[in-house]
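> predicted coordinates and the sequence they were generated for:
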Amino acid sequence: MKILGIESSCDETSASVVEDGTRLYSNVVQSQIDIHAEYGGVIPEIAARSHIEAITPVVDKALEDAKCAWADIDAIAVTNAPGLIGSLLVGTLAARTLAVVHKKPLYGIHHVEAHVYANFVTEQQDGATATPLTLPSRQPQFPMLALIVSGGHTQLVLFRGHGDYELLGQTQDDAVGEAFDKVAKILGYPYPGGPAVERAAKDGDAYAYDFPKSRMQNPYDYSFSGLKTAVLRAVQREVGKDFRFPSHELSGLLSDKQKHDFAASFTRVAIETLVDKAEKAFIDYAPASVVIAGGVAASPPLRAELSRRLPIDIQYAPMSLCTDNAAMIATLGYYYAQGHAADDPYSLEVIPSISMSKTAWA
């Protein structure tokens with residue numbers, strides 16, 4: 001069963017063809033990072049207009065790369081939640097129209113849940129991507145512990161099967177990716193903040209500064225606002241300024257060494273916080289497999305620390321399938337199609353904010 005996936009929840013326009021929830025035929029991603037970088041973050045109105053320009057060429061290219069005609073496509077899966085409302089509308093309306101015109105079943109997909117399913121892609125057709133991907137050698141086994149980490153989400157989820165999962169904990173304020181972006185601004189690094197801070201951290205002393213780890217009532221919940229504020233206050237003290245000094249002017253008072261040390265110390269504590277709770281969940285629930293998902297799952301330090309701390313062979317998805325892409329949408333679409341009826345293409349709505357507990361499985 002070949003699924004055409006469409007993703008447009010934020011600032012990437014993507015389309016992909018995946019067969020049977022495991023074999024990748026194509027994955028086309030049109031990024032808007034260069035556009036939004038000059039603003040220091042995603043501008044929703046600009047993102048939506050860019051999706052309008054890109055959506056048709058991206059879908060056409062995905063079908064071309066997959067060497068598929070519409071007769072070869074069995075269903076369409078599209079991100080309809082959560083995300084930026086304007087961005088979601090563009091992808092969802094395109095998918096609804098294509099479903100009607102080509103008489104294909106349509107499945108609305110939860111974006112955060114789909115990130116987990118990037119780990120289920122284990123094969124690729126020749127020419128599916130410009131450069132062959134290093135994919136996991138096998139699909140995850142249930143029960144599966146998933147650490148979902150991105151600019152908008154930080155969650156620990158225990159999957160007992162497809163659609164059968166329990167949200168163990170989640171961030172109560174900032175997501176870890178959001179904290180990376182905010183610390184990047186304090187240190188004067190460009191958007192997106194995560195890769196920039198991690199690059200700087202390579203040249204820094206990870207123990208130069210001692211930042212706190214949050215303590216939560218639920219041992220699986222996260223909080224990163226305190227860590228972000230601790231970095232801000234430490235930088236202000238370092239340059240001899242008080243809390244009233246504007247954060248965006250601090251980087252000009254720091255030396256490169258100070259910036260590197262702050263980046264390294266923050267990165268260490270942020271990643272230790274993620275892995276501490278994942279390790280506890282692993283001990284408590286003894287899952288058969290562990291996966292990480294979301295944009296921050298592309299972080300080499302996170303992968304290294306998780307592999308060091310957990311006594312299990314972790315199969316990591318390639319970096320390009322960790323950030324927003326349509327392959328994960330098409331993959332989850334296949335498993336949705338096995339479990340419930342298709343959505344009505346005339347009435348499928350977008351939902352900008354919705355928990356994983358409210359997906360189509362429920």
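Thanks, I have the structure now.
> hey, let's count contacts and neighbours off CA atoms from now on
Fine.
> distance between the ends of stretch 155-173?
Stretch 155-173 has an end-to-end distance of 12 Å (CA to CA, to the nearest Å).
> how far is that stretch from where the chain is centred?
A distance of 15 Å separates the centroid of the chain from that of stretch 155-173, by CA atoms, centre = their mean, to the nearest Å.
> give the buried residues for that stretch.
Buried residues in stretch 155-173, defined by neighbour count with 16 or more other CA atoms under 10 Å: 155-160, 163, 165, 167-171, 173.
> my guess is Glu7 contacts Ala15. True?
Yes: contact criterion CA atoms under 8 Å: Glu7 and Ala15 qualify, at 6.4 Å.
> tell me the centre residue of the chain?
For the chain, the residue nearest the mean C-alpha position is Gly294 (2.3 Å; CA atoms, centre = their mean).
> so it touches Val116, yeah?
Yes: contact criterion CA under 8 Å: Gly294 and Val116 qualify, at 7.5 Å.
> give me the common contacts of the two.
In terms of CA atoms under 8 Å, 6 or more residues apart in numbering, Gly294 and Val116 are both contacted by the residues Ile148.
> ok, back up a step: intersection of neighbour lists for Glu7 and Ala15?
Any residue near both Glu7 and Ala15 by CA under 8 Å, 6+ apart counts here, and that gives 325-326.
> which stretches in the stretch 251-362 of the chain count as helices?
Taking DSSP state H, counting those that start in this stretch as the criterion, the stretch 251-362 of the chain contains helices spanning 256-285, 300-309, 327-339.
> tell me the buried residues in the first one?
Of all the residues in helix 256-285, those buried under the rule 16+ other CA under 10 Å are 258-278, 281-282.
> contacts only, for the residue nearest to Gln32 when sequence neighbours are not counted.
Distance criterion CA to CA, 6 or more residues apart in numbering; nearest residue to Gln32, sequence neighbours excluded, is Asp11 at 5.5 Å. By CA under 8 Å, 6+ apart, the residues touching Asp11 are 31-33, 42, 47, 51, 87.
> among those, which two are most distant?
Farthest apart among those by CA to CA are Ile33 and Ser87. That separation is 14.5 Å.
> of these two, which one has the most company?
Between Ile33 and Ser87, Ser87 has the larger neighbour count (other CA atoms under 10 Å), namely 29 against 16.
> could you list the low-pLDDT ranges of the stretch 251-362 of the chain?
359-360, 362 (pLDDT under 70).
> switch the cut-off to 90
339-340, 354-362 (pLDDT under 90).
> please apply the same query to the stretch 101-250 of the chain.
Within the stretch 101-250 of the chain, the ranges that satisfy pLDDT under 90 run 127, 130-131, 150-153, 191-193.
> residue ranges of the strands in it, please?
Ranges of strands in the stretch 101-250 of the chain, per DSSP state E, counting those that start in this stretch, are 106-110, 123-124, 144-149, 154-161, 164-170.
> would you turn those strands into CSV with distance to Arg199?
Formatted as CSV, the strands of the stretch 101-250 of the chain follow (distance: least, CA to CA, whole Å):
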stretch, distance to Arg199
strand 106-110, 31
strand 123-124, 30
strand 144-149, 19
strand 154-161, 22
strand 164-170, 27
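> can you redo the helices of the stretch 251-362 of the chain as TSV with distance to Ser355?
Output for the helices of the stretch 251-362 of the chain, formatted as TSV (distance: least, CA to CA, whole Å):
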stretch	distance to Ser355
helix 256-285	20
helix 300-309	25
helix 327-339	16
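> between the ones you listed, which one is closest to Lys2.
Taking the helices of the stretch 251-362 of the chain one by one with CA to CA, helix 327-339 is closest: 8.0 Å.
> now for that closest one, which elements pack on it?
strand 2-7, strand 12-19, strand 23-31, strand 75-81, strand 106-110, helix 111-117 (3 or more CA pairs under 8 Å, 6 or more residues apart in numbering; DSSP states H and E).
> of the buried residues of stretch 155-173, closest to Cys322?
Compare each of the buried residues of stretch 155-173 with Cys322 using CA to CA and the shortest gap goes to Gln155, at 15.0 Å.
> list the contacts for the closest one?
By CA under 8 Å, 6+ apart, the neighbours of Gln155 are 146-149, 167-171, 221-222.
> for Pro136, find the nearest of the strands of the stretch 101-250 of the chain.
By CA to CA (comparing all of the strands of the stretch 101-250 of the chain), the closest turns out to be strand 123-124, at 8.3 Å.
> thank you kindly, that will do.
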